[in-house]
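Novice: please find the sequence and the predicted model below.
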Amino acid sequence: MYKLMILFRRSGDTLNLEERWSREFVPLADNMPGLKRIALSRIKERPDGLVDLHMVHELYFDDLDSLRRAMASPEGQAAGRALMAFASGRVSLYFAEHREDDWPLRSHTASEGN
């Protein structure tokens, strides 16, 4: 699986950014062909206390070719134009290979000698 990662840098007007993102970008991006799922993360803090990111929006596709076709589609092009209209200079886009594994729960009592 591949995903388009959209990283929004923190700025003084995050409320305006989120309003325009949800009103202008999301409806277009949600219609990109081949889109399988989305995820959104709002960044709250870092271990060192410095926070330079505000939000990460991830759009998932079956493979890299599907992602590229989605971005080249009319819906993808319109979403890209909308995004750049309000977030240019505050947003970075990345293609990432994505893998998820469920790890089995491990008993802590066995490792604690009980």
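Specialist: Right, received. Where do you want to start?
Novice: what is the neighbour count of L83?
Specialist: Counted with other Cβ atoms under 10 Å, residues neighbouring L83 total 22. Yep, even glycine has a C-beta here, placed from its N, CA and C like the rest.
Novice: going on from the helix or strand hosting it, what's the next piece of helix or strand?
Specialist: Following DSSP states H and E, the helix or strand that holds L83 is helix 74-87. Where DSSP H and E defines the elements, the next helix or strand beyond helix 74-87 is strand 91-97.
Novice: so where is this structure shaky, pLDDT-wise?
Specialist: Filtered on pLDDT under 70, the chain yields the residue ranges 107-114.
Novice: residue boundaries of the helices in it?
Specialist: Applying DSSP state H to the chain gives helices spanning 14-20, 26-29, 64-72, 74-87, 108-111.
Novice: so which of the ones you listed comes closest to E97?
Specialist: helix 64-72 (7.8 Å; Cβ to Cβ).
Novice: give the buried residues for the closest one.
Specialist: Residues S66, L67, R68, A70, M71 are the ones in helix 64-72 that count as buried (16 or more other Cβ atoms under 10 Å).
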